[in-house]
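Novice: based on what follows, work out the 3D shape:
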Amino acid sequence: MMSIKIVVGVIAVVTCIMIAVFQNKKIWFTTGAALLVILLGTIVPNSIFYLPEDVIALEGNAAARSYALVHSLTEVVKWNAVLICLGSMMLSSVLAYSKVAAHIGSSLAKRSTNLCGAVVAILVVAALVSAFVGNIAAVIIMFPVAISFCKGAGIKSGRLVSAVAMISNVEVAATLSASPESAMFAGFSGFRFNDFFIYDGRVSFFVICQVAMIAGCSFYYFVFAKNKKNRIEIPVENLVSWGPSIILGIMVAGLSFMSYFHHRIESATGIFVFLMGIVSMIWFKLTQKKTAAEVLEVIMKTEWKAVVFLMGTFVVAAAVRESGILSDLVLLVGNIAGDIKGYAFIILIAVSVLVSAFVDNVVYVAVLLPFASIYALAIDADPELFTFAILLGSCIGSCITPVGSSANIIAVDMLKDNGEDFSFGEWTKTGIPFAAITAAVSGLFLWGVWN
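Specialist: Numbering: from 1, shown residues only. Got it, this is the predicted structure:
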């Protein structure tokens, strides 16, 4: 089995490297890696995915050879998370079209008495959008607001647009519906929607993200403080409709209500969020008088690649977990940090921040969450202390470089389309201190609450 374990490890490492180097082709690498894992499990049954006794007891080897594929499609891929991603992506598309968040953000910025206050207002709105429908939606929605604001202030747009992306990354896993990372975390930990706010009598991950957001906004308040200009003339974005915001409110209320019926129906939350996405498309068609072709165009622009990427990641992460690599990793970290929670906590946050600056969050979180939980139990710590550290560090670490997240890449591309280049060095000049400050402040808060 050692040889298979090495092969799986090589597949996982090479996949991560290729994703970091070729971000725009990451779907091909995770899908290829997942298919390779399933093929290996088919050729050599009971190697990567261990066969249950009822399959072993069957005559012939057809069931054994098909187990890797069946197991991957029925148990490894978390369809609840997939449906949540699909639904929230469709809803985020019409939310961007409605311009509600852009209208609120530009209105707050216009009413601010100084430039720094206006920047914070824009960042807070971006953060809240990201907390419920993801960082990509937040960047797309708030980009025109940031551009208009910077024109009025006479400053380069890159600094504020990158700030919007960074603050959105910090909040990207704050709730169940926010992102693949949060849906994946919920599937692994069994968290319900309400558990992201309060869990086991203590404040949970949403509150921790708000602490990080406050630290990040404070950092950017002082970054922009050198500009002495006070009132900014910024046009208020015209509001198209409150409809998608109402649908979002219904979705949030429904998920909160469903938290009281945990696991009654497998994938219930995913089905509900997906239905809300369908409702948003129906709203777009009927109330906005759109043709079927226009609705289909919006649906096709949904990040379907992200969903396929997520499915492939589930399979690769399961192979790493079930092949025994995680157990070896627990022993390795145990030899370094021992059973001292503080050392382990610092290592997990620091490594998560550094790795996520280059490696896609979804892959990193999928592989490391099970490890964090196993290691916490091994040293008698709350699993949430370490799983939250992994999730928090990966969200913050993605702010360091312009390739740390899809939202960062989109922000840079949109700036280029707007005629402004924002270099790798310009991004990291603020990305590094932003990540250091938010990680330190929110990490201390997490330790104080969950230690």
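Novice: element containing C150?
Specialist: helix 135-153 (DSSP states H and E).
Novice: doesn't L369 lie inside a helix?
Specialist: Yes. Using DSSP: H, G, I helix; E, B strand; the rest coil, the assignment for L369 is a helix.
Novice: can you map out the strands along the stretch 201-350 of the chain?
Specialist: 202-203 (DSSP state E, counting those that start in this stretch).
Novice: output the below-cut-off pLDDT ranges for it.
Specialist: Applying pLDDT under 70 to the stretch 201-350 of the chain flags residues 227-233, 262-266, 302-303, 326-327, 329-331, 333-339.
Novice: run the last query once more with 80
Specialist: 225-235, 259-267, 298-306, 321-340 (pLDDT under 80).
Novice: let's see stretch 92-102 as PDB, backbone CA atoms only.
Specialist: Written as PDB, here are the backbone C-alpha positions of stretch 92-102 (Å, rounded to 0.1, in the frame of the first residue of the first chain):
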ATOM      1  CA  SER A  92     -25.400  36.300  -7.200                       C
ATOM      2  CA  SER A  93     -25.800  36.900 -10.900                       C
ATOM      3  CA  VAL A  94     -29.100  38.600 -10.600                       C
ATOM      4  CA  LEU A  95     -28.000  40.300  -7.400                       C
ATOM      5  CA  ALA A  96     -25.300  42.000  -9.500                       C
ATOM      6  CA  TYR A  97     -27.800  42.900 -12.100                       C
ATOM      7  CA  SER A  98     -30.200  44.500  -9.500                       C
ATOM      8  CA  LYS A  99     -27.400  46.900  -8.400                       C
ATOM      9  CA  VAL A 100     -28.800  46.900  -4.800                       C
ATOM     10  CA  ALA A 101     -25.400  46.500  -3.200                       C
ATOM     11  CA  ALA A 102     -23.800  48.900  -5.600                       C
END
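Novice: for that stretch, what does the pLDDT average out to?
Specialist: Across stretch 92-102, pLDDT averages out at 87.
Novice: show me what it is in contact with.
Specialist: 125-126, 128-129, 133-134, 136-138, 140-142, 144-145, 237-245, 247-248, 280-281, 283-284, 288, 298-299, 301-302 (CB atoms under 8 Å, 6 or more residues apart in numbering). C-beta here means a position set from N, CA and C on the backbone, and glycine is covered the same way.
Novice: just the buried members of the residues you listed?
Specialist: 125-126, 128-129, 133-134, 136-138, 140-142, 144-145, 237, 240-241, 243-245, 247-248, 280-281, 283-284, 298-299, 302 (16 or more other CB atoms under 10 Å).
Novice: please parse the protein into its domains.
Specialist: 2-76, 79-450 (automatic domain parsing).
Novice: need the winner for burial among the ones you listed.
Specialist: Compared across those, domain 79-450 shows the largest average neighbour count, a mean of 20 (mean count of other CB atoms under 10 Å).
Novice: start and end of it, how far apart?
Specialist: 30 Å (CA to CA, to the nearest Å).
Novice: from the chain's centre, how far out is it? Work that out for me.
Specialist: Taking CA atoms, centre = their mean, to the nearest Å, one finds the center of domain 79-450 at 5 Å from the center of the full chain.
Novice: residue numbering should commence at 22 henceforth.
Specialist: Sure, I'll start counting at 22 from here, so that last one is domain 100-471.
Novice: quick check, S426 in contact with S419.
Specialist: Yes. Under the criterion of CB atoms under 8 Å, S426 makes contact with S419 at 4.0 Å.
Novice: overlap in contacts of the two?
Specialist: Common neighbours of S426 and S419 (criterion: CB under 8 Å, 6+ apart): N190, V193, N382.
Novice: so what's the last one up against?
Specialist: This means N382. V193, E202, S415, C416, S419, S426 are the contacts of N382 under CB under 8 Å, 6+ apart.
Novice: model confidence for it, exactly?
Specialist: 77.
Novice: same check, this time on the one 3 residues further on
Specialist: According to the per-residue confidence, Y385 scores 79 in pLDDT.
Novice: surely it touches V374?
Specialist: No. If you go by CB under 8 Å, Y385 and V374 don't touch, sitting 10.7 Å apart.
Novice: list residues touching both of the two?
Specialist: Shared contacts of Y385 and V374, counting by CB under 8 Å, 6+ apart, come down to S415.
Novice: need the helices for the stretch 72-221 of the chain, in chain order.
Specialist: Shown for the stretch 72-221 of the chain, the helices assigned by DSSP state H, counting those that start in this stretch span residues 74-77, 83-92, 100-119, 121-132, 136-154, 156-174, 178-191, 201-210.
Novice: now the fifth one: mean pLDDT?
Specialist: By that I understand helix 136-154. 90.
Novice: tell me the angle it makes with helix 121-132.
Specialist: 170 degrees (axes from the mean of the first three to the mean of the last three CA atoms, to 10 degrees).
Novice: on that earlier part again, okay, the helices of the stretch 72-221 of the chain in TSV with distance to I38 next?
Specialist: As requested, the helices of the stretch 72-221 of the chain are arranged in TSV below (distance: least, CB to CB, whole Å):
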stretch	distance to I38
helix 74-77	34
helix 83-92	24
helix 100-119	25
helix 121-132	36
helix 136-154	28
helix 156-174	23
helix 178-191	21
helix 201-210	20
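Novice: tell me the helices and strands packed up against the helix holding C171.
Specialist: Other helices and strands packing on helix 156-174, by 3 or more CB pairs under 8 Å, 6 or more residues apart in numbering; DSSP states H and E, are helix 100-119, helix 121-132, helix 136-154, helix 178-191, helix 427-438.
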